[in-house]
Structures are given as C-alpha cells and as structure tokens.
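Engineer: sequence below, structure please.
(chains A and B, ligands or ions: 2)
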Amino acid sequence: MSDLLTVVDLSIRTAEKELVKNVSFSLPEGARMGLIGESGSGKSLTALAATGLLPPAITASGSVIIGAQEIIGTPDQALNRMRGSDVAVVFQEPLTALDPLMKIGDQIGWPVRRRFRREGQTTNREAVRNEVLSLMEQVRLPEPKLMLNRYPHEISGGQRQRVAIAMAVACRPKLLIADEPTTALDVTTQAEVLKLLDGLVRDYGMSLLFISHDLPVVASIVDDVTVLRLGEVVEQGTTRQVFEAPSNPYSQGLMEAARTFDSYLQDI
Amino acid sequence: MTDATDVAHNPERPKGSWVFRCGLLLVGAHLFIAVLTLFWTPYDPLDLVGLRLEKPSLAHWLGTDRLGRDTLTQIMVGSRIAMIVGIGSVALGAFIGVTIGLLAGFATRVWDDVLAAVLDILIAFPVLLLAMLVVAASPQPSLWTAVLALGIAMSAIVARLTRILVKRVLQNDYITASRCAGTGWVRLVWLHVLPNIWPFLAVNFALQFGMAIIAEASLSYLGLGAPLPNTSWGRLLQEAQGTVYTSPLGAIAPGVALVLLVIGANMFADGLRDIADPTRRNER
Ligand SMILES: Nc1ncnc2c1ncn2[C@@H]1O[C@H](COP(=O)(O)OP(=O)(O)OP(=O)(O)O)[C@@H](O)[C@H]1O
Ligand SMILES: [Mg+2]
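Structural biologist: Numbers count the residues shown, from 1 in each chain, chains lettered A, B, ... in the order given. Ligands and ions are numbered 1, 2, ... in the order given. Take a look at the predicted model:
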C-alpha cells in the first residue's frame, strides 16, 4: 500500500516561537491514525499545515505530501484543486465552523455541487438537493427537510457537528482529518458521533487522521497513534503497543490518566 | 461571529422596530415627494408666481421667496435633489469603497499596508473638503459633479470599513472550513464574506446617506453645488439668508426638510442593524 499522507520533519513557527518541531509520520491509503497530545501540543496546527491553511503569521517548513502533491510552499491556487477531493477537515468547534448566515442546506450543498462538477455530473438543484438530503440522513440529522432551511444558531451543538461532518463527507475526500470532532459534545453524543464517523470512513473507504486528547476515544477508532507533546513526537506505534506498553513517561502519564478516568466512569 | 450571536440573545432590543418604522416613514415620504416632482409640482419652481416674500397663504402654503417663486415647490424639488445626491453618491462610494476594501482585505502584507496608509491619509481630510476639491477640479458644475465628488470623498471610509470587516470575517473558522472544502476565492467572497459584512456595511450606507445630504447642502450653500434649475436645500438656505429677519420661513422650511430626512436616515440605519442580520431576525 502506498502512503496517502506523508509528513517529514514538519516544523511550524511564528516569528517568536517554534510551535511544532520535526514531526514525521505517514498514513497509508485506507489507514486510520490517531494524533494525540494534551491541549496546546500542536495537533490543530499540524492538521492545518496538512491542508496549507495555516494563518498568515505562521510558517511551516519540512514536507507534507498528500497523494503526490507537496503542500508546503505550494501556492494556494494549486492547493485549492486538491482540497475537498484529496483531503477534507472536520473542525474542533462545531459552532464557529459553520457560516452563521448560511442555511444548513446550502452549507452542505456547495461542497456537493463542487464534487458533482469535479465528477462531471449534472449540478441541477434537484440532484444537489437529493444528495444533501441523503447526506443528512447518513449523518442522522433529524427531519432533514426542515433542517435544510435552518441557520446554525437554530440547531444543537451535536447537530452542528453532524452538519460539519456531512460537509466534509460531501467532498468524498481520500483523507478525512477530524480535529477533536467530539470534544465539544456531551458523552452520549460523543459516542454517537464517533460511531457515525467510524461507519462513514468505512463505507466510503476514506483514510482517517483522528485528532484528540482523549485516549479512550482515539483507541476505539484508529489503528495507529502518534503522541505529540509540546510540538514534538514522543511516541509512535500501533494503538495496542502504545496502550499496553507506553515507552515514554509522558504517554504513560496519559494512559494512567485515561485508566483512572475509565475506572471512574465504570464506578458511577 | 461571537458578537452577532451575543446580541441575538440580548433581550433589550424591541425598540428597533418603531425606530426603524419612523425612519422608513420619513425617508419614504421624501422619496415619494421626490418621485412626485417628476410629474407634478404646485407651480413651476422657477416661475415668478406671486409677489415677493409673500406670507403663507392657501395659494402658497409656505409663502414665496424674494423673487416671488413658490417656496413649497422649491422645497419639494429640493427633496429630489437630496435623494439623487444621497442615493447616487452612496452607491458610487459603495462601489469604489467595497472594491478597494475587498482587495485590501485579501491583499498580501505589503499591498495591504500601502492601501491602508493611503486610506488613512484620505480619511484624515473632511469629506466636505475632499468634495470641494473634486468640484473645483471638474470643468462644469452639475448635479452629477456633486454626486461624483461626494461619492469619491466617502469611498475611502467605506474602503477602510470593508477592509477591517473582511479581515475580521476571514479569521473565522468557517472560512478555513470552507476553503478546506475547496471553495475558491471568488466564491468565498460571494458566499461567505459579502453576506457576513453586509449588515455592517448597510448600516454605514444609511448613515452616509444622511451625511451626503448634509454635505450636498453645504456645497450648494457655498455655491459649489448643482446649478439652477436644481433648487437644492442648501441653495434655498443661502438665498433666504438675506431676508431671514423679515421672512424667516424661507430659511426655516428647507432647514426642517433637511433635518427630517437626515434624522429619518439615521433612524433607518439604526433599525437596519437588526433586520439585516438573520441571527436576530427571530427576535420579533
Ligand atoms: N494563530 C496563532 N498564533 C500564534 N500561536 C498560535 C496560533 N494558533 C495556535 N498557536 C499556538 O500553537 C500551539 C499549538 O496550538 P494547537 O491549536 O495546534 O493546539 P492543539 O494541540 O490543537 O490544542 P487543543 O487540544 O486545545 O485544540 C499553542 O501553544 C498555541 O498557543
Ligand atoms: Mg486543537
């Protein structure tokens, strides 16, 4: 299997500070990897760098290759062609990731239209609408027909995250990056959204880069993990290896915390 | 857009509706009169239809001016001038300003800095002064010179506002999310940027409409406005100056007309804030 995403010596910095240092990992086609680490360890920045969407004040060096396309240093125009088709992202904050002034149906509709055009299908209203409704059903949004005309502030947080997932899946990307898609949600909704993502990734044969600080969450959905700390990789391996025999004190700490939390959950 | 949603949950906003209706009524009345004058006025605005400086009567509701022309007729025509200059200059300023503002908002660091500096310098000049310079530079004064002058003079303010609004909108996650799904720049502007900055721009345009009308009156007062037969309120004020003690109505009437329209425009602007934003639309 060839690698879909290859990150080599990725460093990300502002004028003052190095935020991510020499991060390397690779993700074979169809594989699922978890990127874990505490808050502020540079997970979101790594995800943004992979799509070439870092804020202007932040620069990246090293190499990120998706498919055959080098991302770092490539002009935006060229990257735009691969965004959506090769990679799509579900962002951390479901509220801010949706345009407050655009109806849900349109937010999902635009990526659908773009994919239809890319695939040479007709992009008439009827076809797009049907696909949007079908996507809404796939992400289990209730009353899809009514949802079409709602604005983001009129639906719940869990529903917003489902909309964001529908938008990403609407692109049918080869690689789906999910940046803590469940962190802002309550525990039950979290489990539902995870199951949903798991199913969608399987159904459409997407590769998955799943970002989280929550180990049990990651373990349930990915095969390999990369552990980040303060912008550096401290451990890499299969989920099993890292879970059962964390070689690094930091990962051991994370495991310990997760186990305590787990047993706490079992107790109540 | 956290601030938009914050206000959405602010209960103290029911006053918006009556302020908006008042504004709409005042501006609408002027607009109605402006359109009416295209087809009908009580008298011809330039005909000497009465004696000089007549007091108000049934024939001349607001009296006559020092040449014997009907004051009410002239004020009604003044509404038309005000509307044309107000709408025309705001539209021109909006077109120039939003275009430059969008370019600056998306530009690279260096170009953005250059544009921002130029805009800051332009904004440091009063609108009226800039407009006077444009009028002075144009070969022959006409109604359109005033529109052009005020439109250009106001465009710098629109450009700067647009630039700031664009920058702020571009920082939002939904922009990154949309770009990451492959949205191109043109679509991005059309689908996300313009709709999200529009409520703020619209309020600004309504306020500038009022400003433009005052500025046009000032230009006309100074003799730099549209020439006859355009009986601008500013010109009426200036002409009534000499007879203000013997026949004060000639100065008061155009002044009141002007103030009513400007207040109306400001109230309209205030009400518009609530209406242009769908996150607040459900409040009522
Ligand atoms: N626009 C920015 N400018 C300057 N520093 C930034 C910027 N964005 C992020 N950082 C810094 O980079 C570091 C990593 O941020 P990042 O968002 O990648 O963390 P994260 O691992 O995603 O954390 P979380 O789990 O809280 O989302 C943080 O220390 C943050 O302060
Ligand atoms: Mg993050």
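
Engineer: only C-alpha atoms from now on, for both contacts and neighbour counts.
Structural biologist: Fine.

Engineer: how close does the nearest residue to residue A:205 once chain neighbours are set aside sit to residue A:222?
Structural biologist: Leaving aside its sequence neighbours, residue A:205 sits nearest to residue A:30 (Cα to Cα, 6 or more residues apart in numbering or on different chains; 6.2 Å). Distance, residue A:30 to residue A:222, by Cα to Cα, to the nearest Å: 11 Å.

Engineer: circling back to that earlier point, what is the burial count for the residue nearest to residue A:205?
Structural biologist: 19 (other Cα atoms under 10 Å in any protein chain shown).

Engineer: for residue A:33, which three-state class applies?
Structural biologist: strand (DSSP: H, G, I helix; E, B strand; the rest coil).

Engineer: what is in contact with residue A:30 and residue A:222 at once?
Structural biologist: By Cα atoms under 8 Å, 6 or more residues apart in numbering or on different chains, residue A:30 and residue A:222 have these common neighbours: residue A:208.

Engineer: any idea how far chain B is from residue A:169?
Structural biologist: From residue A:169 over to chain B the distance is 10 Å, taken as Cα to the nearest Cα, to the nearest Å.

Engineer: surely that residue is in a strand?
Structural biologist: No - in this structure, residue A:169 is helix, not part of a strand, as judged by three-state DSSP.

Engineer: wait, residue A:108 touches residue A:132, no?
Structural biologist: Yes - counting by Cα atoms under 8 Å, residue A:132 is a contact partner of residue A:108 at 6.3 Å.

Engineer: can you tell me, leaving aside adjacent residues, what's nearest to residue A:40?
Structural biologist: Sequence neighbours aside, residue A:230 is the residue nearest to residue A:40 in space, at 7.1 Å (criterion: Cα to Cα, 6+ apart).

Engineer: how about the helices in the stretch 1-150 of chain A?
Structural biologist: Here the stretch 1-150 of chain A has its helices, by DSSP state H, counting those that start in this stretch, at A:43-51, A:76-82, A:104-118, A:125-138, A:144-147.

Engineer: reformat the ones you listed as CSV; add mean neighbour count, mean pLDDT and distance to residue A:189.
Structural biologist: Formatted as CSV, the helices of the stretch 1-150 of chain A follow (neighbours: other Cα atoms under 10 Å in any protein chain shown; pLDDT from 0 to 100; distance: least, Cα to Cα, whole Å):
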stretch, mean neighbour count, mean pLDDT, distance to residue A:189
helix A:43-51, 23, 91, 22
helix A:76-82, 16, 84, 31
helix A:104-118, 22, 92, 20
helix A:125-138, 18, 92, 16
helix A:144-147, 16, 90, 18
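
Engineer: quick one, which of the ones you listed gets closest to residue B:149.
Structural biologist: helix A:76-82 (38.6 Å; Cα to Cα).

Engineer: can you pull out the strands in chain A?
Structural biologist: Using DSSP state E, the strands found in chain A span residues A:3-13, A:18-28, A:32-36, A:59-66, A:69-70, A:87-90, A:175-179, A:207-212, A:224-229, A:232-238.

Engineer: can you pull the contacts of the residue nearest to residue A:205?
Structural biologist: Neighbours of residue A:30 in contact, by Cα under 8 Å, 6+ apart: A:205-208.

Engineer: same thing but 7 Å
Structural biologist: A:205-207 (Cα atoms under 7 Å, 6 or more residues apart in numbering or on different chains).

Engineer: please tell me how far residue A:139 sits from residue B:116.
Structural biologist: Between residue A:139 and residue B:116 the distance is 45 Å, computed by Cα to Cα.

Engineer: same question for residue B:137.
Structural biologist: 25 Å.

Engineer: now do residue B:92
Structural biologist: Separation of residue B:92 from residue B:116 (Cα to Cα): 20 Å.

Engineer: before we move on, what about residue A:21?
Structural biologist: 35 Å.

Engineer: again, but for residue A:78
Structural biologist: Counting by Cα to Cα, the gap from residue A:78 to residue B:116 is 29 Å.

Engineer: more crowded one of residue B:137 and residue B:116?
Structural biologist: Neighbours per residue (other Cα under 10 Å) separate residue B:137 from residue B:116, with residue B:116 holding more: 20 against 12.

Engineer: helices or strands up against the one helix or strand the more buried one maps to?
Structural biologist: Per DSSP states H and E, residue B:116 falls inside helix B:109-124. Applying 3 or more Cα pairs under 7 Å, 6 or more residues apart in numbering or on different chains; DSSP states H and E, we find helix B:109-124 packed against helix B:143-170.

Engineer: and the closest residue to residue A:90 other than its chain neighbours, how many neighbours?
Structural biologist: Nearest in space to residue A:90, with sequence neighbours left out and distances taken as Cα to Cα, 6+ apart, is residue A:178 at 4.7 Å. By the criterion of other Cα under 10 Å, residue A:178 has 24 neighbours.

Engineer: wait, what's in contact with residue A:178?
Structural biologist: Going by Cα under 7 Å, 6+ apart, residue A:178 touches A:89-91, A:209-211.

Engineer: save these as TSV, and put in neighbour count too.
Structural biologist: Formatted as TSV, the contacts of residue A:178 follow (neighbours: other Cα atoms under 10 Å in any protein chain shown):
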residue	neighbour count
A:89	30
A:90	26
A:91	28
A:209	23
A:210	24
A:211	27
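
Engineer: closest to residue B:224 out of the residues you listed?
Structural biologist: Using Cα to Cα, those come closest to residue B:224 at residue A:91, 57.0 Å.

Engineer: how close does the closest one sit to residue A:249?
Structural biologist: 29 Å.

Engineer: now swap in residue A:170 and tell me
Structural biologist: 41 Å.

Engineer: between these two, who's got more neighbours?
Structural biologist: Here residue A:170 and residue A:249 are compared on neighbour count by other Cα under 10 Å; more neighbours surround residue A:170, at 26 against 11.

Engineer: quick check: that one touching residue A:109?
Structural biologist: No - Residue A:170 is beyond contact range of residue A:109, at 8.2 Å (criterion: Cα atoms under 7 Å).

Engineer: the closest residue to residue B:78 other than its chain neighbours - how many residues pack around it?
Structural biologist: Excluding the flanking residues, the one nearest residue B:78 by Cα to Cα, 6+ apart is residue B:232, at 4.6 Å. Using other Cα under 10 Å, residue B:232 has 31 other residues around it.

Engineer: ok, residue B:232 touching residue B:74?
Structural biologist: No - in this structure residue B:232 lies outside contact range of residue B:74 using Cα under 7 Å: 8.0 Å.

Engineer: okay, the closest residue to ligand 1 within the stretch 1-150 of chain B and residue A:56: tell me how far apart.
Structural biologist: Going by Cα to the nearest ligand atom, ligand 1 is nearest to residue B:109 of the stretch 1-150 of chain B, at 16.0 Å. Separation of residue B:109 from residue A:56 (Cα to Cα): 9 Å.

Engineer: do residue B:218 as well
Structural biologist: Separation of residue B:218 from residue A:56 (Cα to Cα): 45 Å.

Engineer: any idea which residue is closest to the centre of chain B?
Structural biologist: Here the mean C-alpha position of chain B is nearest to the C-alpha of residue B:209 (Cα atoms, centre = their mean), at a distance of 1.0 Å.

Engineer: where's that residue relative to ligand 1, distance?
Structural biologist: 38 Å (Cα to the nearest ligand atom, to the nearest Å).

Engineer: same check, this time on residue B:151
Structural biologist: Residue B:151 is 37 Å from ligand 1, by Cα to the nearest ligand atom.
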